[in-house]
Structure formats: structure tokens, C-alpha cells
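1. Below: sequence and its predicted model.
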Amino acid sequence: MENYSASNALKTTKIIHTALMGGCLLFGVVVLVLNAEAPTGSTQDQEFLLYLPPVVLLFAAIVASVLFKKTLKQGLAQSTDLRTKVAAFQTANIVRMGLYEATGLVAVVVCFITGNLYNMAVLLVVLVIFLMKMPTAYRISEEAGLSPKETRGTLRPEGLNERCHSGISPHTGK
């Protein structure tokens, strides 16, 4: 544990993030295949279920934002070292993405129960949110409030720092 690497923490965060997204995606594909083979019909008793996923998505978006900020703020208040800041971001990100994952799973379950594929649109929205919120060095740096010094040698790939700070474009090399 002596040699802490924020870039390894970033990789770990990306793996967890992708696993949460992959679970929703895999379950959605399974339900699509099962509904294609033996579609289930919606009854009048299940009508209210059709409105559940969009409502859960709206609720999750609000709660996820609030919990992310609160969890991150609490984690950052504990210490000012890099390890704690990155760990606070990891924890807050898992909380936020867990709520979105639950929303995606609710949409898939409702689709499975009712046979109505319209709720798969909510899953697609959740997957887009997952892609938009993918942890990056820049996102961690901005949201965890890392100083330029902390960002410089830790989260950026090797060689990128020198080119960025020397005025050389990392894309063209000029």
C-alpha cells in the first residue's frame, strides 16, 4: 500500500463502473431474448407498471445527484491527501451509478413482466447516462477538487503531462 497509484484507482473505478453498466445491459439482452421467444401480455392490473420506470428514473436522477454531492463532500472533508480524495470520488460514483443501475433493472423487470418494450427506452437512457458519467482523469480531477500538482503526475498517462505543459499539442505533437 506504500506505492499508491491514482491511475490504478482510476482503472479500478472504470472497471466497477463498467460492471454496473454491463449488468444492466446483460439483463436487458436476456429479457429481450426471452420476450421474443415467449412474449408475455400486459393486463389491466399491470398498467401502472408501465409508468414506473420513467418515474423511478426521474427520482433516481435527483437522488443520485444529491447523494453524489453529499457523499463526495463528506469524503473530501475527512482529509486532503490524494488517496482520500480519489477514494471519496470512487465511493460517491458507486452510490450514484448504483441508483442508475437499479433504475435500469426496474425498467428491464417491468419489460419482462408486461412484455412492453417501451420501457427498454428507459434502460437505453440509463446506459447513455452510464457512458456520459464514465470516470476519467479529468472528471475525478474536477469533481474531487484535485490541485494541478495532484493531477499532473498521478491521473494523466505518462508523457501527456510534458506535452501539455510545454505547449505541445498531445494530438499533433507540434
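-> Thanks, I have it. Residues are numbered from 1 along each chain as shown.
2. got the residue ranges for the helices in the chain?
-> Using DSSP state H, the helices assigned to the chain run over residues 6-37, 52-78, 82-114, 120-132, 137-143, 148-154, 160-165.
3. for these, which one ends up most surrounded?
-> helix 82-114 (a mean of 21; mean count of other C-beta atoms under 10 Å). Just so you know, the C-beta spots here come from the backbone N, C-alpha and C atoms, and that holds for glycine as well.
4. What is it packed up against?
-> helix 6-37, helix 52-78, helix 120-132, helix 137-143, helix 148-154 (3 or more C-beta pairs under 8 Å, 6 or more residues apart in numbering; DSSP states H and E).
5. can you put the helices of the chain in CSV and add mean pLDDT?
-> Formatted as CSV, these follow (pLDDT from 0 to 100):
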stretch, mean pLDDT
helix 6-37, 89
helix 52-78, 93
helix 82-114, 92
helix 120-132, 95
helix 137-143, 87
helix 148-154, 71
helix 160-165, 44
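6. Run through the residues that contact the closest residue to residue 98 other than its chain neighbours.
-> Leaving aside its chain neighbours, residue 98 sits nearest to residue 20 (6.8 Å; criterion: C-beta to C-beta, 6 or more residues apart in numbering). Residue 20 makes contact with 94, 97-98, 100-101, 130, according to C-beta atoms under 8 Å, 6 or more residues apart in numbering.
7. With distance to residue 85 as extra columns, can I get the residues you listed in JSON lines?
-> Shown next, in JSON lines, are those (distance: C-beta to C-beta, whole Å):
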{"residue": "94", "distance to residue 85": "15"}
{"residue": "97", "distance to residue 85": "19"}
{"residue": "98", "distance to residue 85": "20"}
{"residue": "100", "distance to residue 85": "23"}
{"residue": "101", "distance to residue 85": "24"}
{"residue": "130", "distance to residue 85": "23"}
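8. quick check, nearest of these to residue 5?
-> Nearest to residue 5 out of the contacts of residue 20 is residue 94 (C-beta to C-beta; 19.3 Å).
9. which residues sit in contact with residue 23?
-> Contacts of residue 23 by C-beta under 8 Å, 6+ apart are 101, 105.
10. And it, how close does it get to residue 143?
-> Distance of residue 23 to residue 143, computed by C-beta to C-beta, to the nearest Å: 24 Å.
11. can you check residue 96 too?
-> 10 Å.
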